[in-house]
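Engineer: no sequence for this one, just the structure:
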């Protein structure tokens, strides 16, 4: 699982202005992201100096799709100390690469800047379908699609229902999930007094990608210096507060407890204040016994899940053939293991 893995996706509406570059860099610095996908850069050439100006020194890996004159352009950048992107390919409106996190659970990322005209949008959806056929497996695509899926994603009734239908057809045919957007209904405004609002920026993922990242969350942030809201995609967003130490009474009955207690109940001899000394003793003992208890018992839930997975394999196998003597014995032992671990888990919960 990716640790604190976050992606920023943003249509910045041009990076030609030095003031805009500074604003983007400040915004990026306020987040902890590993990958940045910027659309509509309006730049024909991007070099190391410009990436440094816009994103800071951490993003030492990047590729880009040049703008056509002053239209379009995509910049995909990443922090090499956290992740790498390999096997990069370019299409008319997308940049795709294979993301290689530190845990090596690889997946495909496609960043999108969709076209404006009706005819180009039809070609663009064909282009996406072709790219998907060349990149099987876990897939995440995100960016400014310049189209919507449903009527409620726009605040007026000026809709291209044919394109909406084709977009939904693409989603169904390729079995991608449109991620729920937290906190906002729309991601783009035409910035007029009576604005047109729509959700044209989004992230979609394949089913297997979604299963690998069950804690992922998608948020729309402040549009800041653009008319598009940045999309902040966190792949491990579940809130996990630091677990408080709890002394388990059954530890008293485990082999080696007395020796562990002697090793745990120590502190720096230089601490002479009795209250600080007692505080240090308790802190050291808590840290020691937390690790000692995990070494003794391991992760009970994980062990139960592993045992049940093997039992299921044997259950399925015996529907089509007779289990060998060793398989039947192991299946029986695993059932006893599950019973014992479940009982222990209940004891701990009490």
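Structural biologist: Good, I have the coordinates. None of these values were measured; they are calculated from a predicted model. Residues are numbered from 1 along each chain as shown.

Engineer: tell me the pLDDT of residue 59.
Structural biologist: At residue 59, the predicted lDDT confidence score is 95.

Engineer: likewise for residue 89?
Structural biologist: Per-residue confidence (pLDDT) for residue 89: 96.

Engineer: which of the three states applies to the closest residue to it other than its chain neighbours?
Structural biologist: Computed as C-beta to C-beta, 6 or more residues apart in numbering, the closest residue to residue 89 that is not its neighbour in sequence is residue 96, at 5.0 Å. In this view, the C-beta of every residue, glycine as well, is placed from N, C-alpha and C. Here residue 96 is strand, with the state taken from DSSP: H, G, I helix; E, B strand; the rest coil.

Engineer: from residue 169, how far off is residue 96?
Structural biologist: Distance of residue 96 to residue 169, given as C-beta to C-beta, to the nearest Å: 21 Å.

Engineer: partners of the residue nearest to residue 89 in the sheet?
Structural biologist: residue 89, residue 110 (DSSP bridges).

Engineer: so it touches residue 127, yeah?
Structural biologist: No. If you go by C-beta atoms under 8 Å, residue 96 and residue 127 don't touch, sitting 10.7 Å apart.

Engineer: would you mark the buried spots in the helix or strand in which residue 307 is found?
Structural biologist: Residue 307 belongs to helix 300-317 when assigned by DSSP states H and E. Using 16 or more other C-beta atoms under 10 Å as the test for burial, helix 300-317 gives 303-304, 307, 311, 314.

Engineer: looking at those residues, which is nearest residue 222?
Structural biologist: Residue 222 has its nearest neighbour among these in residue 304, at 44.4 Å by C-beta to C-beta.

Engineer: so the closest one sits right up against residue 341, yeah?
Structural biologist: Yes. Counting by C-beta under 8 Å, residue 341 is a contact partner of residue 304 at 5.0 Å.

Engineer: ok, back up a step: who has more neighbours, residue 96 and residue 127?
Structural biologist: Applying other C-beta atoms under 10 Å to residue 96 and residue 127 shows that residue 96 carries more neighbours, namely 23 against 17.

Engineer: from residue 86, how far off is that one?
Structural biologist: Counting by C-beta to C-beta, the gap from residue 96 to residue 86 is 11 Å.

Engineer: wait, residue 71 sits on residue 43?
Structural biologist: No. Here residue 71 lies out of contact with residue 43, judged by C-beta under 8 Å, at a distance of 11.0 Å.

Engineer: and the strands in the stretch 251-350 of the chain?
Structural biologist: With strands called from DSSP state E, counting those that start in this stretch, the stretch 251-350 of the chain shows none.

Engineer: next one: the stretch 101-250 of the chain
Structural biologist: For the stretch 101-250 of the chain, applying DSSP E, counting those that start in this stretch gives strands covering 107-113, 139-144, 176-178, 181-182, 188-189, 197-198, 201-206, 217-220, 231-234.

Engineer: those strands: which one's closest to residue 154?
Structural biologist: strand 197-198 (4.3 Å).

Engineer: elements contacting the closest one?
Structural biologist: Judged by 3 or more C-beta pairs under 8 Å, 6 or more residues apart in numbering; DSSP states H and E, the packing partners of strand 197-198 are strand 188-189.

Engineer: what helices and strands are in contact with the strand it packs on?
Structural biologist: Counting by 3+ C-beta pairs under 8 Å, 6+ apart, strand 188-189 packs on strand 197-198.

Engineer: give the rounded mean pLDDT of the strand it packs on.
Structural biologist: 90.

Engineer: picking up where we left off before, turn the buried residues of helix 300-317 into TSV, columns for distance to residue 213 and pLDDT.
Structural biologist: TSV is the format used below for the buried residues of helix 300-317 (distance: C-beta to C-beta, whole Å; pLDDT from 0 to 100):
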residue	distance to residue 213	pLDDT
303	24	77
304	23	72
307	26	76
311	27	74
314	30	74
